[in-house]
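In: Any chance you could fold what I've pasted below:
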Amino acid sequence: MQDKKYRILVIRLSSLGDIILTTPVLDALKDNCRNSEICFLSKQKYQGLFESDPRVHSVIYFEPEGKDKGFSGLLRLIRGLNQKKFDLIVDLHSNLRSLLIRLLVRAGKKVHYNKKIIPRLLMVHLKRWKVKPVSTIDNYLKSLGEITIKAWSRIPRLYSKNENKIWVENFFIENGLLRDQILVGIAPGAKWETKRWELDKFSFVAKSLSQDLCAKILLVGNKEDQQLIEEIEDHVGKEKIIQAVDLHLDRLIALVERCGLFISNDSGLMHIASSLGVPTIGIFGPTSPGLGFSPSGLEDKVFWAGVECSPCSLHGEKDCVKESRYCMDDIKPEKIIEEAKRILSANKVIFLDRDGTITEEKDFISKVEEIKFLTGSKEALKTLQDLGYKLVIVSNQSGIARGIMTVEQVEKVNNFILKELAKEGIKIEAIYYCPHHPGENCDCRKPRTGLIRAALQDPQLKLKGAWVIGDKLSDVLLGKNIKRKSILVLTGYGQETKQKIESDSNGSDWQRPDYTAKDLLEAASFIKSESLTKSTEPVTNTHKKL
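Out: Sure thing, here's the model as predicted:
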């Protein structure tokens, strides 16, 4: 008989950006509570966020203007939740409604997050005080510390439905987007007018990118943004614009996912783009990134003038009392264009594990004499390089922290590998490694993203089109963490990793590789076949998967 599922209720009722920022908590819960079912509670208006999310078993919608209106409606909702017999409640809203739900719904354990409202108020009202920036994501994750759950991901992630991806392709064909044409998303709206960058600046950016890069501009917003979108279209030219107004969330997610870049005010759309792995430029004026709501993707860039009067309110709702909106005036469109062009012109990259993937597996290699390249690995690297990929090695080397080897020894081994590959005409851009012990909870040990973040300091590299290849589960999860495809090779610990995944009856698809190859050479051949077909579809069941 199957073990009883551990039922978890996660509560975040609103708003769009805040709900998206809770998703690293879902990763942590699924990773630590393997035999679990997560139920997410949010408002009905956010339907479409989690319907295709492999981490979420079910979604319950709160309708405060409908069947759940008033105190009697809330009690009706609570009675229904009690029938679910939850084992754990995670309250990530911490307002009066969620407090009542948390108190009145029965569960073995209950945790909630600390909003850190005092530091935020100090940033707004006592700007001369040096207050440490607040991270909403970190605060969400800290709530799990009460039940000793650790997190390996702090990057928000959303998933899109395959049927919506098909709809999106047809939508773009109908709107004249060529298969290889650059698509730049722009969201000129925001809940509060004070949070909107000037329309003429958005228009200038859109026109420059469409002319200089032959890009199509996708203008995104709700029905309240229609006039803004029409004005930008009039300035740029109808033939260069695609409008996407007032779409249902699930289609909007699939649409934004196709963008090569997204430019937005501080809004929910900014967080949607970031959570889909789309490089996102966020424009902050009356609000501050230090309040905890900046985009958290590895390639995201925040533009904030940092004038002395900003932030003037927690959410940007306060009218400006200055003679001019200096917080927005000081953000120049030329700087946005410069950063956009840098992002769009960068090179695609493949991140490779070292031991067990390129070279033979041997625990804690400390001598050059111990290095032996796996059969076909050099040929594989040459193939990937010829496809236009930059190559970066990312490796966990905890032997340094364990005292088994020194930094100098690791550097010597890495330099030897670089020189040997260079003899074959193979250029490795860099080798990044984590020297820490697994118990140190550092940010750079795979599957956490510190090594990738370090690699992306090279302005030539971009994540779009990237792959992660390795023989360990940490490599597979790293691919998931940076929202890119992963390949598990069966060399090194690959066979053991494959068996572990297959034997885990409680594992989810989000922990599985996109493809499994017998070695690096087969992995390279697969990527080559994908490149030749120029497929934009996700890996399907016709491919060799676990």
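In: pull the longest helix from the chain.
Out: helix 407-423 (DSSP state H).
In: next SSE after that one?
Out: Using DSSP states H and E, the helix or strand that follows helix 407-423 in sequence is strand 428-434.
In: Distance from that following strand to the middle of the chain?
Out: The chain centre lies 22 Å from the centre of strand 428-434; the measure is Cα atoms, centre = their mean, to the nearest Å.
In: in the helix or strand following that strand, what counts as buried?
Out: Per DSSP H and E, strand 428-434 leads on to helix 450-455 as the next helix or strand towards the C-terminus. By neighbour count on 16 or more other Cβ atoms under 10 Å, the buried set for helix 450-455 is 450-452, 454-455. For glycine as for every other residue, the C-beta is placed from the backbone atoms N, C-alpha and C.
In: What segments of the stretch 201-350 of the chain are strands?
Out: Ranges of strands in the stretch 201-350 of the chain, per DSSP state E, counting those that start in this stretch, are 216-221, 241-245, 261-265, 280-284, 301-304, 347-352.
In: who's in contact with residue 373?
Out: 358-360, 420 (Cβ atoms under 8 Å, 6 or more residues apart in numbering).
In: I'd like to know which of these is nearest to residue 111.
Out: Nearest to residue 111 among the contacts of residue 373 is residue 358, at 42.4 Å by Cβ to Cβ.
In: any idea how far residue 369 is from that closest one?
Out: Distance from residue 358 to residue 369, counting by Cβ to Cβ, to the nearest Å: 17 Å.
In: again, but for residue 6
Out: In terms of Cβ to Cβ, residue 6 sits 49 Å off from residue 369.
In: Neighbour count: these two, which is higher?
Out: More neighbours surround residue 6 than the other of residue 6 and residue 369, with 17 against 9 (other Cβ atoms under 10 Å).
In: Contacts only, for that one.
Out: Residue 6 makes contact with 33, 35-37, 87-88, according to Cβ under 8 Å, 6+ apart.
In: Swap in 10 Å and give it another go.
Out: Residue 6 makes contact with 29, 33-38, 86-88, 108, 506, according to Cβ atoms under 10 Å, 6 or more residues apart in numbering.
In: which stretches of the stretch 151-300 of the chain form helices?
Out: For the stretch 151-300 of the chain, applying DSSP state H, counting those that start in this stretch gives helices covering 162-174, 199-212, 226-236, 249-257, 268-275.
In: what number of residues lie near residue 348?
Out: Residue 348: 16 neighbours (other Cβ under 10 Å).
In: I'd say it and residue 485 touch.
Out: No - using Cβ atoms under 10 Å, residue 348 is not in contact with residue 485, being 11.9 Å away.
In: any shared contact partners between these two?
Out: Common neighbours of residue 348 and residue 485 (criterion: Cβ under 10 Å, 6+ apart): 465-467.
In: Filter those residues down to just the ones in helices.
Out: Using DSSP H to define helices, no part of those is located there.
In: Out of those, which comes closest to residue 74?
Out: Nearest to residue 74 among the shared contacts of residue 348 and residue 485: residue 466, at 45.4 Å, using Cβ to Cβ.
In: ok, the closest one - contacts?
Out: Applying Cβ under 10 Å, 6+ apart, the residues contacting residue 466 are 277, 347-351, 389-390, 392, 452, 455-456, 479, 482-485.
In: Next one: it from residue 529, what distance?
Out: Distance of residue 466 to residue 529, given as Cβ to Cβ: 17 Å.
In: what does residue 354 give?
Out: The spacing between residue 354 and residue 529, counted by Cβ to Cβ, is 25 Å.
In: Residue 262 too?
Out: As for residue 262, its distance to residue 529 is 30 Å (criterion: Cβ to Cβ).
In: same thing with residue 100?
Out: Relative to residue 529, and taking Cβ to Cβ, residue 100 is found at 55 Å.
In: So those two - more neighbours on which side?
Out: A count of neighbours by other Cβ under 10 Å puts residue 100 above the other of residue 100 and residue 529, at 15 against 11.
In: okay but that one is in contact with residue 62, surely?
Out: No - the pair residue 100 / residue 62 is not scored as a contact, 11.8 Å apart, by Cβ under 10 Å.
In: quick one: residue 118 is in a strand?
Out: No - secondary structure of residue 118 (DSSP: H, G, I helix; E, B strand; the rest coil): helix, not part of a strand.
In: give me every residue that touches it.
Out: Per Cβ under 10 Å, 6+ apart, neighbours of residue 118: 131, 134.
In: how near is it to residue 138?
Out: Separation of residue 118 from residue 138 (Cβ to Cβ) stands at 16 Å.
In: now do residue 371
Out: 39 Å.
In: between those two, who's got more neighbours?
Out: Neighbour count, other Cβ under 10 Å: between residue 371 and residue 138, residue 371 has more, with 18 against 15.
In: Which residue, other than its chain neighbours, is closest to the more buried one?
Out: Distance criterion Cβ to Cβ, 6 or more residues apart in numbering; nearest residue to residue 371, sequence neighbours excluded, is residue 359 at 5.5 Å.
In: Check residue 121 too.
Out: Nearest residue to residue 121 in three dimensions, chain neighbours excluded: residue 314, at 7.5 Å (Cβ to Cβ, 6+ apart).
In: isn't the one you found right next to residue 120, touching?
Out: Yes - between residue 314 and residue 120 there is a contact at 5.9 Å, judged by Cβ under 10 Å.
In: quick one, which of these two is more surrounded?
Out: residue 120 (20 against 17).
In: So that one is in contact with residue 132, correct?
Out: No - between residue 120 and residue 132 there is no contact under Cβ under 10 Å: 11.1 Å.
In: Common neighbours of those two, please.
Out: Common contacts of residue 120 and residue 132, defined by Cβ under 10 Å, 6+ apart, comprise residue 290.
In: Contacts only, for residue 91.
Out: Contacts of residue 91 by Cβ under 10 Å, 6+ apart are 9-12, 41, 98-99, 101-103, 105, 110-113, 143.
In: From these, which land in helices?
Out: Assigned to helices by DSSP H, the following of the contacts of residue 91 qualify: 98-99, 101-103.
In: which outside residues touch whichever helix or strand residue 379 is part of?
Out: Using DSSP H and E, residue 379 maps to helix 377-386. With contact meaning Cβ under 10 Å, 6+ apart, helix 377-386 is reached by 349-350, 352, 357-360, 373-374, 376, 389-391, 420-421, 423-428, 467, 469, 489, 491, 517, 519-525, 527-528, 531.
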